[in-house]
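*Asks:* need a structure here:
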Amino acid sequence: MSGSPAHTVLPPTNDAGDNGPHLNTFVILHIVVQTIVWGFVFPIGMVLGLTRSKYHVPLQTLGLAMTSIGFFLGHKHRWRHETGVQSTAHAVMARIIIVQLVLQAASGIYLKLHPVGSKARTIAVRTHGILGKTFPIVGWTQMLLGVIAGLGYCLDGETPQCLAHYIMGSAFNGYACIMLIMLHLGSEFLKRQGQSQEYLDSWVIMLWGIVNTFTMHHDDWLHSHWSHKDMQHTMLGVLWWSGGLLGIFLSRKGKRSFVPALIIFVTGWGMSAHEQSLMISSKIHGMFGYSLMAAGASRVVEICLFLQDGPSDPSNIKVFQYLPPYLLILGGTMFMSATNEEMRHAQDAGIDHVTYGLGVFSISFLLFLHMTFLIHLYSASGRNAASTKTPDIAGEGGYEPLQTNFQDYRDNDTGNGDDLESLELDARGPSRCTS
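*Replies:* Below is the predicted model of the structure:
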């Protein structure tokens, strides 16, 4: 179908007559291989590259070989030739990724073969670094487009709401990832900039709100009909840019602020009452709203009570500080799972909102685990590994050398055995027994 961001031709129908997935051995292998590569191998390799680990090159080489196999499986399997489905956003993105991979590999090989000091090497270093850092984002986008193409989503009139759900849900997940990175690694950056995280958050929220305000209603503002969804979505944009302006003002000069968290809370409140045509959709949107409300409330508690308006200390992270980013991931994943087509398919399959919600909770746990693992890997690998090691004070055989005051006893020796007994007891440590 022409004009659809996700598809430029109608997807084929399966034997049942719908636009469901067409899974054969080649498609399944393509999905498995590319999910492993872009979900795990390349992100881990990127982190190892940032830490200058010796395992960076072998892992990225493995990833390049695996994704080449996956690309072959995705473009040569029988389903594509039988159905004629070629022009999808997933396929177009794959061609862009090929160019990125070629440039990334070429710049990496050049850096291995040429000495330091040349201008060309400087360009290669920057190119290699920029392209490598985009791998997690590119991988996330391509896997999402693969799901859309495989399931036949986002066609015809479903495209706008489909894009809104996937883009906004991904934005919440990205915000949670940034919060985790800043929690562990961002304190020095914020100190150098002389700014608080809320100052940066408020700028992003304000700019996003401006875009949202003028893109949610596609017809003439003054002479066209406004649905309740258009009005709510547009007013959310107004909320974000107006609240963002307040947040920028209150958080200037490095001050902490409650405003970004409050905006998230109010957004959640609005979405929790966002009525849908299907009951299961209304329930899932409600769970999305409650997740955002909990994230906003917990963030206010973190800033005002746990941190007492001060900066976060990465060497003393409280367990509670992990709650706001996790709840944002939960909310983002819940929103991405609440498109009209997903809700219709869930209802047709007899899945209730509790079962569906539990599945989304499970996915959010895995996403949070993946993000925290990558951050931990950055702190404990390559050139950062030495700073995380406990000082080695153990002696030979893994035992700490015994410290005694033998010289003091020898100097004060009275010639009887009492001092020797005292020395023995002192070497063993203080007695745990009392008479």
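
*Asks:* how about the helices of the stretch 301-435 of the chain, start to end?
*Replies:* Applying DSSP state H, counting those that start in this stretch to the stretch 301-435 of the chain gives helices spanning 323-336, 340-348, 353-380, 385-388, 406-411, 418-428.

*Asks:* again, but for the stretch 51-200 of the chain
*Replies:* Under DSSP H, counting those that start in this stretch, the stretch 51-200 of the chain gives helices at 56-76, 78-83, 89-113, 119-133, 135-151, 159-185, 187-193, 197-213.

*Asks:* which one of those helices has the lowest average pLDDT?
*Replies:* Here the lowest mean pLDDT among these goes to helix 78-83, at a mean of 49.

*Asks:* quick one: residues contacting residue 304.
*Replies:* residue 258 (Cβ atoms under 8 Å, 6 or more residues apart in numbering). C-beta coordinates here come from the backbone N, C-alpha and C atoms, glycine included.

*Asks:* okay, the helices of the stretch 51-200 of the chain in JSON lines with distance to residue 264 and mean neighbour count next?
*Replies:* Below are the helices of the stretch 51-200 of the chain laid out as JSON lines (distance: least, Cβ to Cβ, whole Å; neighbours: other Cβ atoms under 10 Å):
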{"stretch": "helix 56-76", "distance to residue 264": "35", "mean neighbour count": "17"}
{"stretch": "helix 78-83", "distance to residue 264": "42", "mean neighbour count": "13"}
{"stretch": "helix 89-113", "distance to residue 264": "29", "mean neighbour count": "15"}
{"stretch": "helix 119-133", "distance to residue 264": "26", "mean neighbour count": "14"}
{"stretch": "helix 135-151", "distance to residue 264": "21", "mean neighbour count": "19"}
{"stretch": "helix 159-185", "distance to residue 264": "9", "mean neighbour count": "19"}
{"stretch": "helix 187-193", "distance to residue 264": "20", "mean neighbour count": "12"}
{"stretch": "helix 197-213", "distance to residue 264": "9", "mean neighbour count": "20"}
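
*Asks:* out of these, the one nearest residue 353 is which?
*Replies:* In terms of Cβ to Cβ, the element of these nearest to residue 353 is helix 159-185, at 16.4 Å.

*Asks:* give me the phi and psi angles of residue 186.
*Replies:* Here is the backbone geometry of residue 186 (degrees, to the nearest 10): phi -100, psi 0.

*Asks:* how about it: what's its closest non-neighbour residue?
*Replies:* Distance criterion Cβ to Cβ, 6 or more residues apart in numbering; nearest residue to residue 186, sequence neighbours excluded, is residue 197 at 7.1 Å.

*Asks:* so where does residue 235 fall, helix or strand?
*Replies:* Using DSSP states H and E, residue 235 falls within helix 228-250.

*Asks:* and that helix, which residues are buried?
*Replies:* Going by neighbour count (16 or more other Cβ atoms under 10 Å), the buried part of helix 228-250 is 230, 232-234, 236-237, 239-241, 243-248, 250.

*Asks:* one more: stretch 331-350?
*Replies:* Using 16+ other Cβ under 10 Å as the test for burial, stretch 331-350 gives 331-343, 346-347.

*Asks:* pLDDT on that stretch, on average?
*Replies:* Mean pLDDT, stretch 331-350: 93.

*Asks:* swap in stretch 29-36?
*Replies:* Here stretch 29-36 scores 93 as its mean pLDDT.

*Asks:* thinking again about what came up before, nearest to residue 28, of the helices of the stretch 51-200 of the chain?
*Replies:* helix 56-76 (9.1 Å).

*Asks:* buried sites along stretch 366-378?
*Replies:* Buried residues in stretch 366-378, counting neighbours by 16+ other Cβ under 10 Å, are found at 367-368, 370-372, 374-375, 377-378.

*Asks:* so for it, mean pLDDT?
*Replies:* Rounded mean pLDDT across stretch 366-378 is 96.

*Asks:* out of the helices of the stretch 51-200 of the chain, the one nearest residue 48 is which?
*Replies:* Set against residue 48 and scored by Cβ to Cβ, these come closest in helix 56-76, at 4.1 Å.

*Asks:* sorry, back to before: show the subsequent helix or strand relative to the helix holding residue 235.
*Replies:* helix 259-272.

*Asks:* ok, back up a step: list the contacts of the residue nearest to residue 186.
*Replies:* 179, 182, 186, 190.

*Asks:* and the gap between the nearest residue to the second one once chain neighbours are set aside and residue 180?
*Replies:* When the adjacent residues along the chain are set aside, residue 182 lies closest to residue 197, with 5.5 Å between them (Cβ to Cβ, 6+ apart). Remark: distance between residue 197 and residue 180 (Cβ to Cβ, to the nearest Å) = 12 Å.

*Asks:* likewise for residue 100?
*Replies:* Noted for residue 100: a distance of 25 Å to residue 180, by Cβ to Cβ.

*Asks:* repeat that for residue 242.
*Replies:* Applying Cβ to Cβ, the value for residue 242 to residue 180 is 28 Å.

*Asks:* still on that earlier bit, make CSV out of the helices of the stretch 301-435 of the chain and add distance to residue 43.
*Replies:* Output for the helices of the stretch 301-435 of the chain, formatted as CSV (distance: least, Cβ to Cβ, whole Å):
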stretch, distance to residue 43
helix 323-336, 16
helix 340-348, 26
helix 353-380, 6
helix 385-388, 19
helix 406-411, 56
helix 418-428, 52
